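Visitor: Give me coordinates for this.
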Amino acid sequence: MSNIKSDLLKILILSSIFLVVLISCISNNVDNNNREYNLYSQIMCPVCDGQTIAESQASISNDMKKMIKTQISEGKTDDQILYYFKERYGQEIISSPSYSGFNITVWIAPILIIIGSLLLLIYSLRKNMNKGKS
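Guide: Numbering: from 1, shown residues only. Below you'll find the predicted structure:
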């Protein structure tokens, strides 16, 4: 009877280890797929107008996706991969402009325009209200 218990215990331990390894592999694969798609959505297609390589079906986009998969499997970080594409295709290949230099205006200008529009709206409403009281 004790042999049966020890065999069952061994089977239970081995199956637990197998499940942990299986779940770990699945989780790692999902993380890599999310990482790939995140990089795809940050890089513009060089031949398509306004599309990232995630959206594009052009052959150059497919080649760029393969390059990203290769670089991920080589252990490169996201920043290293993005730097590779910036060096090869220029800053315009990145879908969002950097937060430095003249590009900062792309991030600040919409906020300033909205604030200015709201101030102008408030000013004109007050002016119209004062005309109505007179």
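Visitor: so where's the protein shaky on pLDDT?
Guide: Low-confidence segments of the chain, defined by pLDDT under 70, span residues 1-3, 5-8, 18-33, 97-100, 132-134.
Visitor: quick check: domain ranges of it?
Guide: Domain segmentation of the chain under automatic domain parsing yields 2-96, 100-134.
Visitor: Mean neighbour count, the ones you listed: which tops it?
Guide: Among the domains of the chain, ranked by average contacts under mean count of other C-beta atoms under 10 Å, first place goes to domain 2-96 (a mean of 13). Backbone N, C-alpha and C define where each C-beta goes, glycine included.
Visitor: Quick check: chain neighbours aside, which residue is closest to the most centrally placed residue in the chain?
Guide: In the chain, the C-alpha closest to the average C-alpha coordinate belongs to residue 38, at a distance of 3.2 Å (C-alpha atoms, centre = their mean). Leaving aside its chain neighbours, residue 38 sits nearest to residue 78 (7.4 Å; criterion: C-beta to C-beta, 6 or more residues apart in numbering).
Visitor: Backbone torsions only: list them for residue 50.
Guide: The phi and psi torsions at residue 50 (degrees, to the nearest 10) take the values phi 70, psi 20.
Visitor: What's the separation between it and residue 122?
Guide: 35 Å (C-beta to C-beta, to the nearest Å).
Visitor: swap in residue 36?
Guide: Following C-beta to C-beta, the distance that separates residue 36 from residue 122 is 47 Å.
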